[in-house]
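In: could you work out the structure for the sequence below:
(2 chains)
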There are 2 protein chains.
Amino acid sequence: MPDQRVCFVLQVRPEAVEEYRARHAAVWSEMRAALARAGWRNYSIFLRDDGMMIGYVETDDFAAAQARMRETEVNARWQAEMAPLFASLGAAQPDQAVTPIPEIFHLD
Amino acid sequence: MPDQRVCFVLQVRPEAVEEYRARHAAVWSEMRAALARAGWRNYSIFLRDDGMMIGYVETDDFAAAQARMRETEVNARWQAEMAPLFASLGAAQPDQAVTPIPEIFHLD
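Out: The predicted structure is shown next:
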């Protein structure tokens, strides 16, 4: 069992929904490998047609898993390419805008 | 591995967020047992302070898992008690308003 189940929401720009979907159907294998090495497990991204994007991931320690990804060169490249597809991140990269939503119920 | 990973979003009325949280910290054991019997696995509910509620569940067949719950008496009682806490469900019970959001990426 993971120590943490993490859920977060971001907003993809409506006009970028198709591109975001296409990019995630072909995530670089080195990005997938980096996530796995950094301890991101059972990671899914769900995307609504209006651009609401929901991430779900299981990990032992989400802050540490995020930090490990930020140490990788491939993550910097990936997030720089994704950033223009998101709405209102300000100056942040997408991975820096992630705020976990509290889990209030769980059934194994 | 589950056949389906399902994510859905509902909106809790902002003034009902505390009650919704409290209710989900004490879900009836018969409701938990009914969900498990109906094939709802690794089911989490996440709740943002503004009332955005996100469900994540793994199951072999979500439509069938929903149908199995609707056959139970405990689900009818539970959903009737939850319905007033949600915004704009119309005449539907919460479990009838659930629309799965497409998964566009997965990493085991």
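
In: going forward, measure contacts between C-alpha atoms and count neighbours the same way
Out: Will do.

In: which one is the residue nearest in space to the middle of chain A nearest to, not counting chain neighbours?
Out: By Cα atoms, centre = their mean, chain A has its centre lying nearest to residue A:55, at 5.6 Å. Once flanking residues are discounted, residue A:55 sits nearest to residue A:45: 4.6 Å by Cα to Cα, 6 or more residues apart in numbering or on different chains.

In: element containing that neighbour?
Out: strand A:41-47 (DSSP states H and E).

In: against which helices or strands is that strand packed?
Out: For strand A:41-47, the packing partners by 3 or more Cα pairs under 8 Å, 6 or more residues apart in numbering or on different chains; DSSP states H and E come out as strand A:52-59, strand B:103-107.

In: re earlier: verify the stated contact: the residue nearest to residue A:55 with residue B:103.
Out: Yes: with contact defined as Cα atoms under 8 Å, residue A:45 counts as touching residue B:103 (5.7 Å).

In: the strand holding residue A:45 pairs with which strands?
Out: Neighbouring strands of strand A:41-47 in its sheet, by DSSP bridges, are strand A:52-59 (antiparallel), strand B:103-107 (antiparallel).

In: deepest-packed of the ones you listed, please.
Out: Comparing these by mean neighbour count (mean count of other Cα atoms under 10 Å in any protein chain shown), strand A:52-59 ranks first with a mean of 20.

In: average pLDDT across it?
Out: Mean per-residue pLDDT for strand A:52-59: 98.

In: using PDB, list the CA coordinates for that strand.
Out: The C-alpha trace of strand A:52-59 is given here as PDB (Å, rounded to 0.1, in the frame of the first residue of the first chain):
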ATOM      1  CA  MET A  52     -10.300  20.300 -16.300                       C
ATOM      2  CA  MET A  53      -7.300  18.000 -15.700                       C
ATOM      3  CA  ILE A  54      -7.200  15.700 -12.700                       C
ATOM      4  CA  GLY A  55      -4.100  13.900 -11.600                       C
ATOM      5  CA  TYR A  56      -4.100  10.900  -9.200                       C
ATOM      6  CA  VAL A  57      -0.900   9.300  -8.000                       C
ATOM      7  CA  GLU A  58       0.300   6.900  -5.300                       C
ATOM      8  CA  THR A  59       3.600   7.400  -3.600                       C
END
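
In: what element comes up after that strand heading to the C-terminus?
Out: Strand A:52-59 is succeeded, C-terminally, by helix A:62-70 (DSSP H and E).

In: any residue of that next one touching chain B?
Out: No: applying Cα under 8 Å from any Cα of the partner chain, one finds helix A:62-70 out of contact with chain B, separated by at least 14.5 Å.
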